[in-house]
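Participant: Need the 3D shape of this:
(chains A and B)
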There are 2 protein chains.
Amino acid sequence: MKIALAQLNFILGDFEGNYGKISTSITQAIKDGVDLICFSELAVCGYPPRDFLEFDDFIARSNGIIERIRKQTQQIAVIVGAPAINPVPEGKDLYNALYFIHEGEIKFIQYKTLLPTYDIFDDYRYFEPNRIFDIVRFKGKKIALTICEDIWNIDNDNPLYTINPVEELRTHKPDFLINASGSPFDYQHMEERLEVIKGNIRNYPVPVFYVNQVGAHTDLIFDGGSLVVSPNTEVYDQFPLFKEAYRAYDLDEVILGRVRSCPVYDTIEVIHDALVLGIKDYFEKLGFKRAILGLSGGIDSALTAVLAARALGPDNVMGVLMPSGFSTSHSITDAMDLISNLGIRHHTIPIGKRFDDFIQDLSPLFQGRKQDVTEENIQPRIRMIYLMAISNKLGYILLNTTNKSEMAVGYGTLYGDLAGGLSVLGDVYKTQVFELSKYINRKEKIIPEHIITKPPSAELRPDQKDSDSLPPYDVLDPILFQYIELQKGPEEIMASGADPSTVRRALRLVNMNEFKRYQTAPVLRVSPKAFGIGRRLPIVGKYLL
Amino acid sequence: MKIALAQLNFILGDFEGNYGKISTSITQAIKDGVDLICFSELAVCGYPPRDFLEFDDFIARSNGIIERIRKQTQQIAVIVGAPAINPVPEGKDLYNALYFIHEGEIKFIQYKTLLPTYDIFDDYRYFEPNRIFDIVRFKGKKIALTICEDIWNIDNDNPLYTINPVEELRTHKPDFLINASGSPFDYQHMEERLEVIKGNIRNYPVPVFYVNQVGAHTDLIFDGGSLVVSPNTEVYDQFPLFKEAYRAYDLDEVILGRVRSCPVYDTIEVIHDALVLGIKDYFEKLGFKRAILGLSGGIDSALTAVLAARALGPDNVMGVLMPSGFSTSHSITDAMDLISNLGIRHHTIPIGKRFDDFIQDLSPLFQGRKQDVTEENIQPRIRMIYLMAISNKLGYILLNTTNKSEMAVGYGTLYGDLAGGLSVLGDVYKTQVFELSKYINRKEKIIPEHIITKPPSAELRPDQKDSDSLPPYDVLDPILFQYIELQKGPEEIMASGADPSTVRRALRLVNMNEFKRYQTAPVLRVSPKAFGIGRRLPIVGKYLL
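Facilitator: Numbers count the residues shown, from 1 in each chain, chains lettered A, B, ... in the order given. This next block holds a predicted model:
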């Protein structure tokens, strides 16, 4: 039996476009003599469609596509993900379903059992969990169908669910297992995924065909990385990361397992590639071509510019230098060096005069009050006006250049440097910003060395340094990581050796700046816990304040 | 038996503060000879605590409060909501629990069965559902404990859950039923709530004691409105809306049901009161006193100013007039009339010169291009700089004045008039803005008549009217309502008689402006479907575009 997997990049709700891709793969597979082709979770509408699922009209359109796929299955079986209407009135109205379609008929529908409802996942918001376990019989083989999370409830001392769908399916003695996923990237997730598949095979040694979607949906990046794993737990084949791909396999060969693929991941490299895809898809899927960003001469905007140039082409990136009276001379020369290394467009608009004007306008109101963060905030807000005006006039999208450390502690100005349509580095700690910059410079010096070596500064007052208001990033970042990614409390973090007052201050800053994060752009997610939909905290509260 | 209910206003994660309120009510109840006092859902930490629940440290602090409450129960039984750790490793780590504490001991814990995971609710993100149904025996009575959603799965042709906890509990023949809720306000919800309680009593005629929390948590407003309903389905007593209250009842009297309370709600009045509480709690709980807002002479900012003055006191509200060359003369006189009627502070800062400066600065870049929305957007962004500077310097919070109709179709400038810490009217359609304004003027002419009667305009170009770019609001709002609140598709909305091209255009505008809503302030929720956490849609997608 010949089995094909199609790792495709869908657009949420773009039924015609998604169907076009699915249909093309089916046609290819028929030509290749494939018996069975598998697509990813909710392939018909893309994953995650979120509250679009609550519109009957949306479901009707999805069902219309299933009808069209049905007509292509005279010579081939198709496994494709789409929402299915719950046939009984009790429970949620939908299932997250995998359709097995053959000979023009829907022969079998497998519903998703384990509904991830944590971090960025909201599956139980929409779907009723499956409670019935059966297999498909096809050309003498018994096939177990699973959807994403369904294979994940294993090898865990503290399992999230009270049921294991694969154990249930095993009672039917399937010959192989298919998993259709919509499994988002984070820099740990590829290795976890492979371990989970191997864990399932150790419990029940059959081949596993794992097909994931690829492509970014706003903040969420899907890496693809579909896998074929033999019953001996060796990887038979791995799909490329961050790219569409279609591949076909002979089942007997996979069972024999003589081919071995050894995927190796470099954390910084995959973060880099993920961010480039995240930018690219955000623009392409919205129908935009060009990005604009402020270039301060600092490392965050430099790194963002490099990633944008790689995603969109240097011609499609415009860097704007907006020096003030507090800008150092190297802020200009460093930014100009970067611009020339990258070959991107640029403009310079000094803001000193406008800053003085606003200060003047406000002086009657501010009389007798001393300078504070107010004056600092005015500068990035003036810059925002220029950036947004150019972006409005020329049809660019403004990229936000704030990193995760700054976003965590609120070191940024709302409606100023926190503005932008997409946050490129909002899930990348400052220490990782340095690592990424060094990674980029490995082959070729693109980011001027001085940008990497000089001490970080917002340059909003004379001789300002980040370290005036924040602990050094190599102290701050591990505290933030323990609080944000590991969800440790203050005592636990102190027990790791961190200075108690620094810990208390950092956690307090994180919590009191929730209001800023609420209003900032979607953040490209590369870690297991990014700011945005996956981290839901109240603005008004009194925990650790 | 004497039963007390305490309808309290908590702060999320403020364990000391919340415990103080709980403890004071217990002391009062002991003094009143009460046998049993009930608090609302997750009273110890406030509802909804969101991802704070994922911190072990947070749960440990909550458990510490339960320990302290335990010590106050020698003479009284206390029913109080708090998270409980799941004693088995399988499933989520927590339950949403109701503790029955008496004689210094936790005698019983009821876990929540139905976990609302829709709209603004994320219960299944955190909690394992209850599967065991038992009752409490106390002083010769059998008591059924339920938590919020547990009583809601009745009288529905299309029930959301496959189980009805009250039916399960009924098998134990309880003498009365307690429901501890964290049930947020919307203008329909009070009547639905009462119907649900009556529905439960019709199935099983015992008294129901329903206790809800009161107070706003960022965007969510809890109205309280706790209820005692007799076995004859008559309301025995209703708690005040939007206020803390403590009341005690004799069970036998409630069973006899001779007292009747007939709650009557006026939709516009409750929306008004909810918004006032929403503003008040946002400021108080964040430790702020004063609000600032731009006064354009239009109805949205006028209404917001009135609500703010009622919530915070006129002395604590500052209106800023920022006329441009496109502002009409009445925009100033109308705003000044309002200011004098309200007695709020004010300042005037003309923006014409700054606007000209920015246009001048950008002219080399914009040469040969015609005027468009770019020039319009610069004006509200200049205004934002002044408003945020004053707010930063003087410790004010900027109120956003955008209404729901504008927010829906993206009629507003990101980082301009869409700025602000809290959106007061973001869940109030323009047609409701008029209704609310007329309601306010019923007793006393506070909003100048001309503000209500003149045609809405953004005044960002000469002679601009909202109706130049948008359908009239009495046409637009019903379309938006059907799409947003009722989740109807385009064909269904057209079938209601709306003009097809207007429907298509309106829905397209809603979907393509998701990116603006993503970055705007939390919206005080007064409808069953508000923008914000309760409406989760992708920015990048192609549905109805």
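Participant: Provide a list of residues in contact with the single nearest residue of the stretch 351-500 of chain A relative to chain B.
Facilitator: Proximity to chain B, evaluated over the stretch 351-500 of chain A using CB to the nearest CB, is greatest for residue A:489 at 2.4 Å. C-betas here are computed from N, CA, C, even on glycine. Residues counted as contacts of residue A:489 (CB atoms under 8 Å, 6 or more residues apart in numbering or on different chains) are B:55, B:56, B:57, B:58, B:60.
Participant: Out of those residues, which two are the most distant from each other?
Facilitator: Farthest pair in those (CB to CB) is B:55 and B:60. Separation: 8.8 Å.
Participant: Neighbour count for the two, which is higher?
Facilitator: Comparing residue B:55 with residue B:60 by other CB atoms under 10 Å in any protein chain shown, the one with more neighbours is residue B:55, at 20 against 12.
Participant: so what's the nearest residue to that one once chain neighbours are set aside up against?
Facilitator: Nearest residue to residue B:55, sequence neighbours excluded (CB to CB, 6 or more residues apart in numbering or on different chains): residue A:487, at 5.3 Å. Each residue near residue A:487 by CB under 8 Å, 6+ apart is listed here: A:529, B:54, B:55, B:56.
Participant: Could you look up the SS state of residue A:487?
Facilitator: The three-state label given to residue A:487 by DSSP: H, G, I helix; E, B strand; the rest coil is coil.
Participant: before we move on, back to that, now, among the contacts of residue A:487, which is nearest to residue A:34?
Facilitator: Nearest to residue A:34 among the contacts of residue A:487: residue A:529, at 39.3 Å, using CB to CB.
Participant: Check which helix or strand that closest one maps to.
Facilitator: Following DSSP states H and E, one finds residue A:529 outside all helices and strands.
Participant: now do residue A:419
Facilitator: Assigned by DSSP H and E, residue A:419 falls within no helix or strand.
Participant: quick one: it and residue B:415 touch, right?
Facilitator: Yes - between residue A:419 and residue B:415 there is a contact under CB atoms under 8 Å: 5.4 Å.
Participant: shared neighbours of these two, anything?
Facilitator: Common neighbours of residue A:419 and residue B:415, using CB under 8 Å, 6+ apart, are A:384, A:388.
Participant: picking that back up, return a PyMOL selection command for the buried portion of the contacts of residue A:487.
Facilitator: Buried residues among these (16 or more other CB atoms under 10 Å in any protein chain shown), as a PyMOL selection:
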select buried, (chain A and resi 529) or (chain B and resi 54+55)
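Participant: So which of the contacts of residue A:487 sit within helices?
Facilitator: Residues of those located in helices (DSSP state H): residue B:56.
Participant: And the contacts of residue A:487, which is closest to residue B:96?
Facilitator: residue B:54 (13.9 Å).
Participant: nearest residue to that closest one other than its sequence neighbours?
Facilitator: Nearest to residue B:54 is residue A:487, by CB to CB, 6+ apart, at 5.2 Å.
Participant: Likewise for residue A:39?
Facilitator: residue A:80 (4.5 Å).
Participant: That neighbour belongs to a strand?
Facilitator: Yes - residue state for residue A:80 (three-state DSSP) corresponds to a strand.
Participant: Residues touching the helix or strand of chain A with the lowest mean pLDDT, excluding its own?
Facilitator: Ranked by mean pLDDT, DSSP states H and E, the helix or strand of chain A with the weakest confidence is helix A:466-469, at a mean of 88. Taking contacts as CB under 8 Å, 6+ apart, the residues outside helix A:466-469 that touch it are A:411, A:455, A:456, A:457, A:458, A:473.
Participant: Can you tell me the number of residues neighbouring residue A:482?
Facilitator: For residue A:482, using other CB under 10 Å, the count is 21.
Participant: swap in residue A:80?
Facilitator: Neighbours of residue A:80 (other CB under 10 Å): 25.
Participant: Quick one: end-to-end distance for stretch A:461-469.
Facilitator: From its first residue to its last, stretch A:461-469 covers 12 Å (CA to CA, to the nearest Å).
Participant: Quick one: distance of that stretch to the chain centre.
Facilitator: Distance, stretch centre to chain centre, for stretch A:461-469: 32 Å (CA atoms, centre = their mean, to the nearest Å).
Participant: List the buried residues for the least confident helix or strand of chain A?
Facilitator: For helix A:466-469, the neighbour count (16+ other CB under 10 Å) marks residue A:466 as buried.
Participant: tell me the SS of residue A:520?
Facilitator: Assigned with three-state DSSP, residue A:520 falls in the coil class.
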